[in-house]
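Peer 1: here are the coordinates; sequence isn't available:
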């Protein structure tokens, strides 16, 4: 068995409207593939019971967070209902340089920022529901919500879907198993892309001179 | 089960030095995956017993072949020991537009021509042997060849390997099963690339307006 050439990790971004099945895909992927782990966000919101610093979030004051923005230490960030959320660059860069892959659970706006900062390290996947009827059914199944709540969710889903063309890969989630297999194909392929295998120039040099 | 959005086929090119294991990978891939088939070359060489027109080759006279070159009807071509070999464009274009994938067994020079004509339809994979020692062993195992023949094969392998940087993906074939899995990942991923799924704009439009 030869040692494989070393490689640089990749940043995998899944985006999907609520109801497309992203959470299930993400959970199953993390269970099956131990070379990829979920990125840890920084946030200014209060920590909740059971949330550990550095595992679930990096908890920051608003001042600290604003300094991170000013010092360009975040790969992406957003303000949601008065709280800041973002991805610190340093731990991601460390993981990538050690050949580990990082998964991001962010929306299309975060994905856009990530692409700007991360360039070719970023692999982006959009997950679509199989039909609007199925999307509505899945959003209704979540609880006993009133019709106007469902309608708002549908509108939000539509807004998210309208950005599908910014993504490298698009999956239609009509079959969870097939969708998961597609995700595994994407990760498997991206890992053997020439440009990501940083050890290849040395490997080939050795091959041609030994 | 929802109908998946239709897609455009892809052109898959494997290149490798003799001894890297390309033939085995190609054969096993064609056996397992029936959505991809080997492209049929045109040639000016004499047909051999058992070779059928249109299945193994399109047999052409030198005049016919030269007309195909002049009329830009070939995706790639080369002259080898006085015979012409090339890939007619029309049957490949028909397959791609019907969502079928086409596999090419050509060298780095053919791959370069294919990329120029085929653009984003082309997915190229270079297969490397795990070491020069292993490459020599595989080349020796092929028969009772004299050392000078082996040396010539090694030199030819080295020349082919020197073009590895022109390829999208690079595999190191130290384990055939893993190598085949990587090839399946590459094809699976390339099939769900957004740009290849020609039915997606219509699918999303329907999703957002239904």
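Peer 2: That came through, no problem. Just so we're clear, the structure is a prediction, and the values are computed from it rather than from any experiment.

Peer 1: pick out the residue nearest the middle of chain A.
Peer 2: residue A:104 (2.3 Å; CA atoms, centre = their mean).

Peer 1: dump the residue contacts of it.
Peer 2: By CB atoms under 8 Å, 6 or more residues apart in numbering or on different chains, the contact list for residue A:104 reads A:11-14, A:38-39, A:87, A:110-111, A:114. (Each C-beta comes from the backbone N, C-alpha and C, glycine too.)

Peer 1: which stretches of chain A have low pLDDT?
Peer 2: A:1-5, A:144 (pLDDT under 70).

Peer 1: coming back round to it: what separates the residue nearest to the centre of chain A from chain B, distance-wise?
Peer 2: From residue A:104 across to chain B, the span is 18 Å (CB to the nearest CB, to the nearest Å).

Peer 1: mind giving me the packing neighbours of the helix or strand hosting residue A:84?
Peer 2: Using DSSP states H and E, residue A:84 sits in strand A:83-88. Judged by 3 or more CB pairs under 8 Å, 6 or more residues apart in numbering or on different chains; DSSP states H and E, the packing partners of strand A:83-88 are strand A:41-43, helix A:62-70, strand A:74-80.

Peer 1: beyond the helix or strand harbouring residue A:187, next helix or strand please.
Peer 2: Here residue A:187, judged by DSSP H and E, is contained in helix A:176-191. Of the helices and strands lying after helix A:176-191 in sequence (DSSP H and E), the nearest is helix A:200-209.

Peer 1: what comes up buried for that next one?
Peer 2: Buried residues in helix A:200-209, counting neighbours by 16 or more other CB atoms under 10 Å in any protein chain shown, are found at A:200, A:203-204, A:207.

Peer 1: could you list every helix and strand that that helix packs against?
Peer 2: So helix A:200-209, by 3+ CB pairs under 8 Å, 6+ apart, packs with strand B:122-128, helix B:132-141, helix B:147-161.

Peer 1: excluding sequence neighbours, find me the nearest residue to residue A:157.
Peer 2: Ranked by CB to CB, 6 or more residues apart in numbering or on different chains and with sequence neighbours excluded, the top spatial neighbour of residue A:157 is residue A:17, at 3.4 Å.

Peer 1: what sits against that neighbour?
Peer 2: By CB under 8 Å, 6+ apart, the residues touching residue A:17 are A:128-129, A:135, A:156-158, A:160-161.

Peer 1: would you write a ChimeraX line that selects the buried entries of those residues?
Peer 2: Of the contacts of residue A:17, the buried ones go into a single ChimeraX selection, burial set by 16+ other CB under 10 Å:
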select /A:128,129,135,157,160,161
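
Peer 1: adding distance to residue B:120 as columns, could you present the contacts of residue A:17 in TSV?
Peer 2: Shown next, in TSV, are the contacts of residue A:17 (distance: CB to CB, whole Å):
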residue	distance to residue B:120
A:128	22
A:129	27
A:135	30
A:156	33
A:157	30
A:158	29
A:160	26
A:161	24
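
Peer 1: re the thing from before, state the pair within the contacts of residue A:104 that is farthest apart.
Peer 2: Across these, no pair lies farther apart than A:38 and A:111, at 15.2 Å, counting by CB to CB.

Peer 1: which of those two has more residues huddled nearby?
Peer 2: Taking other CB atoms under 10 Å in any protein chain shown, residue A:38 and residue A:111 do not tie; residue A:111 has more neighbours (24 against 14).

Peer 1: tell me which residues of the helix or strand harbouring the more buried one come out buried.
Peer 2: Here residue A:111 is covered by helix A:108-118, with elements defined by DSSP H and E. Neighbour counts over helix A:108-118 (16+ other CB under 10 Å) mark A:108, A:110-115, A:117-118 as buried.

Peer 1: so which elements touch that helix?
Peer 2: In this structure, helix A:108-118 packs against strand A:11-15, strand A:74-80, strand A:101-105, strand A:122-128, with contacts taken as 3+ CB pairs under 8 Å, 6+ apart.

Peer 1: which of these has the highest mean neighbour count?
Peer 2: Greatest average neighbour count among the helices and strands packed on helix A:108-118 goes to strand A:11-15 (a mean of 25), per mean count of other CB atoms under 10 Å in any protein chain shown.
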